[in-house]
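> dropping a prediction and its sequence here:
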Amino acid sequence: MPRGFRDRADDSLLTLLGDLPELVTNLVKAEIDSAKAWISKTAKDAGIGSVWFLVALFFLFWAVPVILVFAIAGLSSWWPVWLSAIVVFGILLLAVLLFALLGILKFRKVLRRQNPAQAVAEDIRIVKEAGDDEF
């Protein structure tokens, strides 16, 4: 028989009920071991994936100055280099201001939203007030 399974067709009900705690314990232990293995493998894969993202961010970090120099060099074919650099800086400053404004607006929206803890506290307050009104 594979893996130590035995035929339980002839076992009595009491024998089967007596074996039930051991079977449940073994099942729980097997599920816990399976969860530990899954967590370990998932954490390892997530760690490796994170390293690959960090490597990509490293190269992106160095690609930004290259594209900015490219823009300045391209504009310097029509304008002096100093004017090209100021124009690229101005465009970057406008982009920073735009995205900062969008971020501020989004955070204001988040701060106005009621979080679940506040909702529970409000519900408890309403229930307490309703209970006080009845007496």
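Nice, I can see it.
> check which helix or strand covers Ile39.
If you go by DSSP states H and E, Ile39 is part of helix 13-75.
> packing partners of that helix?
For helix 13-75, the packing partners by 3 or more Cβ pairs under 8 Å, 6 or more residues apart in numbering; DSSP states H and E come out as helix 81-112. (Each C-beta comes from the backbone N, C-alpha and C, glycine too.)
> so which bits of the helix it packs on are buried?
Ser84, Ala85, Val88 (16 or more other Cβ atoms under 10 Å).
> ok, the residue minimising distance to the centre of the chain to Trp52 distance?
Note on the chain: the residue nearest the mean C-alpha position is Ala46, at 11.4 Å, using Cα atoms, centre = their mean. To Trp52, Ala46 is 11 Å away according to Cβ to Cβ, to the nearest Å.
> where does Trp78 land in three-state SS?
coil (DSSP: H, G, I helix; E, B strand; the rest coil).
> coming back round to it: export the buried residues of helix 81-112 to a markdown table and append columns for pLDDT and distance to Gly103.
Converted to a markdown table, the buried residues of helix 81-112 look like this (pLDDT from 0 to 100; distance: Cβ to Cβ, whole Å):
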| residue | pLDDT | distance to Gly103 |
| --- | --- | --- |
| Ser84 | 94 | 29 |
| Ala85 | 94 | 27 |
| Val88 | 93 | 22 |
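> which single one of the residues you listed is nearest to Ala37?
Val88 (52.5 Å; Cβ to Cβ).
> isn't that closest one up against Ala73?
No - applying Cβ atoms under 8 Å as the test, Val88 and Ala73 come out as separate, 10.1 Å apart.
> low pLDDT regions in this protein?
1-4, 114, 133-135 (pLDDT under 70).
> again, only this time at 80
1-17, 19, 110-120, 123, 127, 130-135 (pLDDT under 80).
> ramachandran coordinates for the residue lying farthest from the centre of it?
Distance from the C-alpha centroid of the chain peaks at Asp10, with 52.1 Å (Cα atoms, centre = their mean). The phi and psi values for Asp10, taken as degrees, to the nearest 10, are phi -90, psi 0.
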